[in-house]
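# Mind looking at a prediction? Sequence and model below.
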Amino acid sequence: MNPQSDRDLQQRLEQLEREANSASTEVTRPQPATPQIVQQTKIAASESLPLGQFFNWFRNLSSISKLIVISVGAVFGIAILRAVLNLVAAVISLGVLALVLYVGYRFFVSRAETKNR
């Protein structure tokens, strides 16, 4: 090869390297996120969830409406808690009744077996 084509190839290689380096620095340079953009993104993300929609709806209520919603929620919450506690009490009562019946059965069966012998 002649020295002229080697120089041309070397110059072309250097030019391509500079273009690649400048393109990679432009791509990897992060854009600073402003707080407004971050907050808008959070709001948009929360609006897609049902709980986020509820909180956005609740935020837009007046003070009296918020108090009413909280009161109704508390009443429903207490009612659900009471129903769960009644269910637990019923399961415990059934367990105790089953234990008493089992002990009584074992007592009478063992008594009847001793009488038969």
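Received it, and whenever you're ready, just let me know what you need.
# SS state for Gln11?
On the three-state scheme (DSSP: H, G, I helix; E, B strand; the rest coil), Gln11 is labelled helix.
# Could you check how far it is from Ser22?
Here the criterion is Cβ to Cβ, to the nearest Å. By it, Gln11 lies 17 Å from Ser22. The C-beta positions use only the backbone N, C-alpha and C, and glycine is treated the same way.
# Could you do Leu85 as well?
Leu85 is 70 Å from Ser22, by Cβ to Cβ.
# Ile80 now?
Distance, Ile80 to Ser22, by Cβ to Cβ: 63 Å.
# Next: Asn56.
Taking Cβ to Cβ as the measure, Asn56 and Ser22 are separated by 45 Å.
# ok, now Gln53?
According to Cβ to Cβ, Gln53 and Ser22 sit 46 Å apart.
# Check Val69 too.
According to Cβ to Cβ, Val69 and Ser22 sit 57 Å apart.
# Between these two, which is the more surrounded one?
Ranked by neighbour count (other Cβ atoms under 10 Å), Val69 and Ser22 place Val69 first, with 14 against 10.
# May I ask which helix or strand encompasses that one?
helix 63-116 (DSSP states H and E).
# That helix - what's its average pLDDT?
Averaged over helix 63-116, pLDDT sits at 93.
# do stretch 18-38 as well
pLDDT averaged over stretch 18-38 gives 66.
# Measure how buried Lys66 is and give me the count.
Neighbours of Lys66 (other Cβ under 10 Å): 13.
# typo on my end, Ser65
By other Cβ under 10 Å, the residues close to Ser65 number 11.
# and if you look at Gly52?
Gly52 sits with 15 neighbouring residues when counted by other Cβ under 10 Å.
# quick one: it and Asn60, what's the gap?
On the measure of Cβ to Cβ, Gly52 and Asn60 end up 13 Å apart.
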